[in-house]
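Trainee: Got a sequence here, can you build the structure:
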Amino acid sequence: MLRSIKFILLVFLLLSAACQEKPEKKAEQFARKQMIRTIGLSAVNRSHIEVHPSGVGWLVIFRDANASCVEGSFWPGACRFGENVFRDVYACVERDWNIRQIGASGASESLGPEDLCQAPLPGATTAPLPTAAPHPKSSLRSCY
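Mentor: Residues are numbered from 1 along each chain as shown. Take a look at the predicted model:
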């Protein structure tokens, strides 16, 4: 009887571990939720979203967002020179589940494949990417 219970618990543990989302998917969902407030729901929905590993966590690119200053609240300073349109927008989701850096390309150019997120300082230890869910009170801070 005890052996059966242990076996059932082991199977349950293995199944629950296999069903957890990958960190890349969590980073995408976290960035999506934050960027809806920043660039607007329409821009996020029309984007093709890419997630790439980065020196600080993940680089999440919203390709072909064509985000305009009219649709979203944007980050401070992004729309100070008129009604701009940003073709691609990116967010850097860090290992501590914060976004401290966002940026964009102009209307006619696409973001390149380079890592746009800030890398850790030389000599800094690189922690493994987290597997835990994002902290619910994480804030969006901009460095635009």
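
Trainee: pLDDT weak spots in the protein?
Mentor: The chain contains residues with pLDDT under 70 at 11-20, 75-77, 113-115, 118-144.

Trainee: Spell out, range by range, the helices that occur in it.
Mentor: 2-18, 23-39, 41-45 (DSSP state H).

Trainee: okay if I get the ones you listed as TSV plus mean neighbour count and distance to Glu83?
Mentor: To be clear about C-beta, it is placed using only N, CA and C from the backbone, and glycine gets the same treatment. Listed next are the helices of the chain as TSV, based on neighbours: other Cβ atoms under 10 Å; distance: least, Cβ to Cβ, whole Å:
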stretch	mean neighbour count	distance to Glu83
helix 2-18	9	48
helix 23-39	20	14
helix 41-45	17	14
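
Trainee: Which of the ones you listed sits closest to Ala104?
Mentor: Of all the helices of the chain, helix 23-39 sits nearest to Ala104, with 8.4 Å by Cβ to Cβ.

Trainee: got TSV for the helices of the chain, with distance to Arg63 too?
Mentor: Listed next are these as TSV, based on distance: least, Cβ to Cβ, whole Å:
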stretch	distance to Arg63
helix 2-18	30
helix 23-39	13
helix 41-45	11
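
Trainee: right, and those - which one's nearest Gly82?
Mentor: Of all these, helix 23-39 sits nearest to Gly82, with 16.5 Å by Cβ to Cβ.
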